[in-house]
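K.L.:
predicted model follows, preceded by the sequence.
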Amino acid sequence: MPAITAQPYPYALPAAGKLALVIIDMQRDFLEPGGFGEALGNDVSQLRAITPNIQTLQQTFRDRGWLIIQTVEGHQADLSDCPPAKRDRGQAALKIGDPGPMGRILVLGEPGNAIIPELALKADEIVIEKPGKGAFYATPLQAILQHRSITHLLFTGVTTEVCVQSTMREANDRGYECLLVEDGTASYFPEFKQATLAMMRAQGGIFGWTATTAQVLAGLSA
Ligand code: C5J
């Protein structure tokens, strides 16, 4: 059976068409100065290095006609889907909904909320707008995956221990076979990324597998 060399053991690939690529929140708000990530006090320059790996996976899935799901974290303009607990958390100078250099912070449709140009969607590709950290909460993600008979998910994006981890944990509970691409995900805190990779694949892969982009590509082309 075709498999991806992975930790803690090989990730068996399903029949064609049952594997989807999930690209979490590769948005200007998290990767560029003046957005939500920087408003929270983070050095946002660290995240962009993963982009070429995600681009390679995106192109591979496009070439095969396989499902790619991108997500964006963002709120309605009236903030009706943003709990005060989320807006008020922390002591940021700029809060969700405040005007910033790239438009209103973490508001859907604002320039800063857009996916970075390197990973721009094609017309027929799916983007899930999510108000929470996990991509299943208050979104049609589960229905879309079920409709396409998807059973296996490859996760990429930012940040590893927040939106990526939240989504992969829930995907695991929902029965998906999940693999986190090690060099396709990043955190403002490199030690948190390493800890997340370790906890995902610990205990025999309690939440799933991890592998590098090269390992994924080799497995897919075997
Ligand atoms: C955060 C995310 N870090 N996409 N969001 O607030 O991980």
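P.N.:
Perfect, thanks for sending it.
K.L.:
would you mind listing what in this protein touches the ligand?
P.N.:
25, 30, 73, 133, 158-159, 162-163 (Cβ under 6 Å from any ligand atom). Every C-beta, even on glycine, is put in place using the N, C-alpha and C of the backbone.
K.L.:
make CSV from the residues you listed and add secondary structure, neighbour count and pLDDT to it.
P.N.:
Shown next, in CSV, are those (DSSP: H, G, I helix; E, B strand; the rest coil; neighbours: other Cβ atoms under 10 Å; pLDDT from 0 to 100):
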residue, secondary structure, neighbour count, pLDDT
Asp25, coil, 26, 98
Phe30, helix, 30, 98
Glu73, strand, 24, 98
Lys133, coil, 18, 98
Val158, strand, 29, 98
Thr159, coil, 24, 98
Val162, helix, 19, 98
Cys163, helix, 22, 98
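K.L.:
now, which of those sits nearest Asp88?
P.N.:
Of all the residues of the chain next to the ligand, Asp88 sits closest to Lys133, with 16.2 Å by Cβ to Cβ.
K.L.:
can you tell me which strand in the protein is longest?
P.N.:
strand 177-186 (DSSP state E).
K.L.:
that one pairs with which strands?
P.N.:
strand 152-158 (parallel), strand 209-211 (parallel) (DSSP bridges).
K.L.:
nearest to Ser187, of those strands?
P.N.:
The nearest among those, by Cβ to Cβ, is strand 152-158 at 7.2 Å.
K.L.:
list the contacts of whichever helix or strand comes after that closest one.
P.N.:
Per DSSP states H and E, the first helix or strand lying C-terminal to strand 152-158 is helix 165-173. Contact with helix 165-173 is made by 22, 24, 71, 132-137, 153, 155, 178, 180, 196, 200, 207-208, as judged by Cβ atoms under 8 Å, 6 or more residues apart in numbering.
K.L.:
among the residues you listed, which ones are buried?
P.N.:
Among the contacts of helix 165-173, the ones that count as buried by 16 or more other Cβ atoms under 10 Å are 22, 24, 71, 132-136, 153, 155, 178, 180, 196, 200, 207-208.
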